[in-house]
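Q: only geometry, no sequence info:
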DNA sequence: GGGCGTGCTGAATCCATGTTCAGTATTTTA
DNA sequence: TAAAATACTGAACATGGATTCAGCACGCCC
């Protein structure tokens, strides 16, 4: 029907645009728009312009399709990240691929991040690793202050960023920005989120006195159990 | 229908423990443990020790059941909040009801926060309002520094807190703590999350110079569109 | 006691889903 | 060109879902 064997993608993670790739992309869009529960074999088939049977023919099962989508999304994000390196402001780990032209990937992640998937888990792990790198570089460059718990801070920031992605509906409701929307970073309302976010992680919100009080309180919780000091 | 006439509501949101309440509680537990997609009428019925038909008899439909659960959870959380007022450390908006003995409510929210529900939306709105109050009090007390965008900061902090709740599986994987678990606040691994979290929101992670640079950059994004300066 | 409504049951119904499969077109191989 | 493999279709099929319904049991009113 469509074939389209040639037309080779120059730098993409995979260069296919075969029927099987079209099905996979249609599935990603469905997952992004209707969620995991709302995505059926028939709907994907219709969206891709093929028969329901073909979906299973290519991917074995709906689970197989889901896994293929996970793998592909993870691959695309890794690839996008490569390109973004160097341009890296390093402000936000997820900023790079959110600003990029990646269609429904944000929406896909927003729906998929909440349930089990090895590929997505690995992706999240990678994001944390990257965040650690960014922070380390930031400290060396003198942009970021030395941190008590670098790895912990990186992890928490990734969780918060992705949390915002997952709760995009509420962010849209409350702040007028949707982080799953392509062009999120250039949206006129973007500062409604970025402003407070950077105000918080930039200078913190506590006064000096209270900040150290809290620090002691939290440190005190480790003592009795860990018993370092 | 509902009976449960006597036993007057002393302080609880609703005083029932009728069959219908048992079904609703079983449903909440199912939603918390198996998610929305994994919760079927039959499963709820089995968990509550009743027949499938009775579930629909009491709630009209599964949607009705879901709505009833939303309402109830929101009510319980509001009630718990009332009690926590005054004890309020105000460190974390969600801390109060996470530490409280509210069984599966955290897990319920983690699963439900991502899809549409008026009751849950209202609950989130309330949390933001509370956060604004806490921050305002903090500023008056001298614990929190004056903020450029108080409301924005409150919103973002609520989104991040709830985001961590929704992504509890990843938090468990990465930090060894699960915010949906009862007793999250007293878990030995709790500091693995709280430490970095307070380090970030407490004092911020940027050096003074970079923080103001970022602030200008974000402020500059409003300019061209809003045209303030 | 006799009706009567309400709580409740569980089999039956209807529907949408994932998956299978027999068969057709199309491409590749030789 | 002939044969084989592969892409693809679309009508089954089986499963499990929500919801319906006829009927049972029990407490309340007259």
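A: Looks like it arrived, so ask away. The model shown is predicted, which means the values in this text are computed figures rather than measured ones.
Q: what does chain A have sitting close to DNA strand C?
A: By CB under 7 Å from any atom of the strand, the part of chain A that sits against DNA strand C consists of A:3, A:5, A:39-43, A:52-53, A:55-57, A:61-63. All C-beta spots, glycine's among them, are computed from the backbone N, C-alpha and C.
Q: which ChimeraX command selects the buried ones in those?
A: With 16 or more other CB atoms under 10 Å in any protein chain shown as the criterion, this ChimeraX line picks the buried residues out of these:
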select /A:39,41,43,55,62
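Q: and the residues of chain A next to DNA strand C, which two are furthest apart?
A: Using CB to CB, those span at most 29.3 Å, a distance reached by A:5 and A:40.
Q: tell me the first helix or strand C-terminal of the lowest-mean-pLDDT helix or strand in chain A.
A: Here the helix or strand of chain A ranked lowest by mean pLDDT, DSSP states H and E is helix A:95-99, holding a mean of 57. The helix or strand immediately downstream of helix A:95-99 is helix A:105-112, counting by DSSP states H and E.
Q: from chain A, which residue is nearest to chain B?
A: Proximity to chain B, evaluated over chain A using CB to the nearest CB, is greatest for residue A:163 at 1.5 Å.
Q: state the distance from the nearest residue to that residue once chain neighbours are set aside to residue A:187.
A: The spatial neighbour of residue A:163 that comes closest, neighbours along the chain excluded (CB to CB, 6 or more residues apart in numbering or on different chains), is residue B:163 at 1.5 Å. Distance, residue B:163 to residue A:187, by CB to CB, to the nearest Å: 19 Å.
Q: out of the two, which sits in the more crowded spot?
A: Neighbour totals were compared for residue B:163 and residue A:187, and residue B:163 leads with 24 against 19 (other CB atoms under 10 Å in any protein chain shown).
Q: sec struct for the more buried one, please.
A: helix (DSSP: H, G, I helix; E, B strand; the rest coil).
Q: ok, the residue of chain A closest to chain B - contacts?
A: Residue A:163 makes contact with B:159, B:160, B:162, B:163, B:164, B:166, B:167 under the criterion CB atoms under 8 Å, 6 or more residues apart in numbering or on different chains.
Q: what comes into contact with stretch A:41-52?
A: Under CB under 8 Å, 6+ apart, the answer for stretch A:41-52 is A:19, A:22-23, A:25-27, A:29-30, A:34, A:54-56, A:62, A:65.
Q: and those residues, which are buried?
A: For the contacts of stretch A:41-52, buried by 16+ other CB under 10 Å: A:19, A:22, A:23, A:25, A:26, A:27, A:29, A:30, A:54, A:55, A:62, A:65.
Q: ok, the fourth one - contacts?
A: In this case it means residue A:25. residue A:48.
Q: which element is it on?
A: Residue A:25 belongs to helix A:19-34, assigned by DSSP H and E.
Q: residues of stretch A:175-184 that come out buried?
A: Neighbour-count burial for stretch A:175-184, counted by 16+ other CB under 10 Å, picks out A:175, A:177, A:178, A:179, A:180, A:182, A:184.
Q: do you know how far the fifth one is from DNA strand C?
A: Taking CB to the nearest atom of the strand, to the nearest Å as the measure, residue A:180 falls 22 Å from DNA strand C.
Q: with the first one instead?
A: Distance check for residue A:175 against DNA strand C: by CB to the nearest atom of the strand, it reads 33 Å.
Q: try residue A:208
A: 55 Å.
Q: which residue comes closest to that residue once chain neighbours are left out?
A: Closest to residue A:208 by CB to CB, 6+ apart is residue B:203, at 7.8 Å.
Q: that neighbour: what's it in contact with?
A: Counting by CB under 8 Å, 6+ apart, residue B:203 touches A:145, A:203, A:204, A:206, A:208, A:211.
Q: how far does the helix or strand where residue A:130 lies sit from its chain's centre?
A: Using DSSP H and E, residue A:130 falls within helix A:118-141. Mean C-alpha position of helix A:118-141 versus that of the full chain (CA atoms, centre = their mean, to the nearest Å) differs by 12 Å.
Q: identify all contacting residues around that helix.
A: Contacts for helix A:118-141 (CB under 8 Å, 6+ apart): A:67, A:70-71, A:73-74, A:77-78, A:81, A:88, A:90, A:93-94, A:109, A:112-113, A:144-147, A:150-151, A:153-155, A:157-158, A:162, B:170, B:173-174, B:205-206, B:210.
Q: show me which of the residues you listed are buried.
A: With burial judged by 16+ other CB under 10 Å, the buried subset of the contacts of helix A:118-141 is A:67, A:70-71, A:73-74, A:77, A:81, A:90, A:93-94, A:109, A:112-113, A:144-145, A:147, A:150-151, A:153-155, A:157-158, A:162, B:170, B:174, B:205-206, B:210.
Q: correct me, but residue A:77 touches residue A:106?
A: No: taking CB atoms under 8 Å as the definition, residue A:77 is not a contact partner of residue A:106, at 9.9 Å.
Q: the helix holding residue A:130 relative to helix A:105-112, how many degrees between them?
A: 120 degrees (axes from the mean of the first three to the mean of the last three CA atoms, to 10 degrees).
Q: buried ones in helix A:118-141?
A: A:119-121, A:123-124, A:126-128, A:130-132, A:134-135, A:138-139.
Q: which among these gets closest to DNA strand D?
A: residue A:119 (23.3 Å; CB to the nearest atom of the strand).
Q: per-residue confidence at that closest one?
A: pLDDT, residue A:119: 94.
Q: how about the one 10 residues further on?
A: Residue A:129 is assigned a predicted lDDT (pLDDT) of 94.
Q: so it versus residue A:155, what's the distance?
A: 10 Å.
Q: report the closest residue of chain A relative to DNA strand D.
A: Closest point on chain A to DNA strand D, by CB to the nearest atom of the strand, is residue A:53, at 2.1 Å.
Q: hmm, which two among the buried residues of stretch A:175-184 are most spread apart?
A: The largest separation in the buried residues of stretch A:175-184, counting by CB to CB, is between A:175 and A:182 at 17.5 Å.
Q: residue A:152: which element?
A: Residue-wise, residue A:152 maps onto helix A:150-166 under DSSP H and E.
Q: just want the angle from that helix to helix A:118-141.
A: Using the same axes, to 10 degrees: helix A:150-166 against helix A:118-141 is 130 degrees.
Q: the inter-axis angle of the helix or strand that helix A:150-166 is followed by versus helix B:150-166?
A: Proceeding N to C from helix A:150-166, the next assigned helix or strand is helix A:168-175, under DSSP H and E. Helix A:168-175 and helix B:150-166 meet at an angle of 170 degrees, taking the same axes, to 10 degrees as the criterion.
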